[in-house]
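Engineer: okay, predicted coordinates and the sequence, questions at the end:
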Amino acid sequence: MLLKNSALRWIGLLTSVLLLLFFMCASVVFGYTETTLRTAIDAFSNYNGSNEHIIIQTVRLPRALIAAAVGASLAIAGTLMQTLTKNPLASPGIFGINAGAGFVVVAAVTLFSVSSLQAFSGLAFLGAAIAAISVYAIGSVGREGLTPMKLTLAGAAIAAMFSSFTQGLLVVDEAALEQVLFWLAGSVSGRKLETLLTVLPYLGIGWIASVVIAGKMNILSMGEDVAKGLGLKTGLVKISVGVIVILLAGGAVSVAGPIGFVGIVIPHITRSIIGIDHRWVIPLSGILGAILLVAADISARYVLMPSEVPVGVMTAIIGTPFFIYIARKGFNAR
């Protein structure tokens, strides 16, 4: 049901926040090592150094926080990209961000024998930024300037190029495949809180900037000509959106690896709940994206217990049917 009334929207937003807190608590409590809510509370209020308390503080809490931050960032990035490109299937992958990040990490492993997960994060952020900047540069060539169609095609070309390079490197050096395979599948498992703290300033700037630019996104969604007629500097807005996407998607990929479908699925669900006003769509997309990834991470622990499925696989299982549904229905991204 579409929430049009402002009071109902606030209720929906607050309900989503409470739901996110519930799933984050569940993420801290549930897993291979059995713990209870009481144990989780004691781990912070009455720490005794037990195995359960160590797991909760050093493994599960960072994992829940990382999943929430990454899910929120990918969902907001997807929302901005769908509006910018007017493509209902747009997501961070359309900028080649995932492919660029993956290529730089694989190149570092195969050519320079890099093996540190912390190094993977920095390299992935660099690769994501390079890919996004390349897409914007290519998409801006020509008299028409930056158009949604050119941006989409440039993104697809860059993604294909980096993916091909990555596959080529992995074929040449099979040992590198073992080191980066779990990262390439997308996962929040084994990530330390320090990894998130490294990119949190970039994510924070992206979250704030996306809310600030929400009003301009409403105008841009009316169409290029209308937006210019209303005095909107569309070129500046598009560049701003590109920078925000680099910060959000690049930071998310650097922490958790390439995780797909969150940026495609969540914007459509959000619009079906709260309408097309980006002042509401952007914050709710962030919250719902965090819920989706935290819930997917919890599910990933139980599918093949005691082993774990990378959360990127779980989001693919969830998102693929929705992706097909959107493609068949031909929804109009706003």
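Structural biologist: In hand now; what should we look at?

Engineer: and the helix or strand containing residue 26, how far out from the chain middle?
Structural biologist: Taking DSSP states H and E as the criterion, residue 26 maps to helix 6-29. Put simply, helix 6-29 sits 19 Å off its chain's centre (C-alpha atoms, centre = their mean, to the nearest Å).

Engineer: and if you look at stretch 30-45?
Structural biologist: Its chain's C-alpha centre lies 28 Å from the corresponding centre of stretch 30-45 when counted by C-alpha atoms, centre = their mean.

Engineer: residues contacting the residue in the chain sticking out farthest from the centre?
Structural biologist: For the chain, the C-alpha farthest from the mean C-alpha position belongs to residue 48; by C-alpha atoms, centre = their mean, that distance is 35.7 Å. The contact partners of residue 48, by C-beta atoms under 8 Å, 6 or more residues apart in numbering, come to residue 42. No exception for glycine: its C-beta is placed from N, CA and C like everyone else's.

Engineer: may I have the phi/psi pair for it?
Structural biologist: Main-chain torsions, residue 48, degrees, to the nearest 10: phi -120, psi 0.

Engineer: same deal with residue 141?
Structural biologist: On the backbone of residue 141 - angles per degrees, to the nearest 10 - the values are phi -70, psi 140.

Engineer: picking up where we left off before, tell me the helices and strands packed up against the next helix or strand after the helix holding residue 26.
Structural biologist: If you walk from helix 6-29 toward the C-terminus, the next helix or strand you reach (DSSP H and E) is helix 37-45. Taking 3 or more C-beta pairs under 8 Å, 6 or more residues apart in numbering; DSSP states H and E as contact, the helices and strands that helix 37-45 lies on are helix 6-29, helix 51-55.

Engineer: right, and those helices - which one's nearest residue 152?
Structural biologist: Taking C-beta to C-beta as the measure, the helices and strands packed on helix 37-45 were each checked against residue 152, and helix 6-29 came out nearest at 30.0 Å.

Engineer: low-confidence stretches in this protein?
Structural biologist: Low-confidence segments of the chain, defined by pLDDT under 70, span residues 1, 146, 175-176, 178-179, 327, 330-334.

Engineer: buried stuff in stretch 189-207?
Structural biologist: By neighbour count with 16 or more other C-beta atoms under 10 Å, stretch 189-207 contains the buried residues 189, 191, 192, 193, 195, 196, 198, 199, 202, 203, 206, 207.

Engineer: follow-up on the earlier one: show me what the helix holding residue 26 is packed against.
Structural biologist: Contact here means 3+ C-beta pairs under 8 Å, 6+ apart; on that basis helix 6-29 packs against helix 37-45, helix 61-85, helix 262-274, helix 278-300.

Engineer: ok, which stretches of the stretch 201-334 of the chain are helices?
Structural biologist: Assignment of helices within the stretch 201-334 of the chain using DSSP state H, counting those that start in this stretch yields the ranges 214-220, 224-229, 234-256, 262-274, 278-300, 311-329.

Engineer: nearest to residue 115, of those?
Structural biologist: Put simply, out of those the one that sits nearest residue 115 is helix 234-256, at 16.3 Å, with distance taken as C-beta to C-beta.

Engineer: that closest one: how far from the chain's middle?
Structural biologist: If you compare the mean C-alpha spot of helix 234-256 with that of the full chain, they lie 11 Å apart, counting by C-alpha atoms, centre = their mean.
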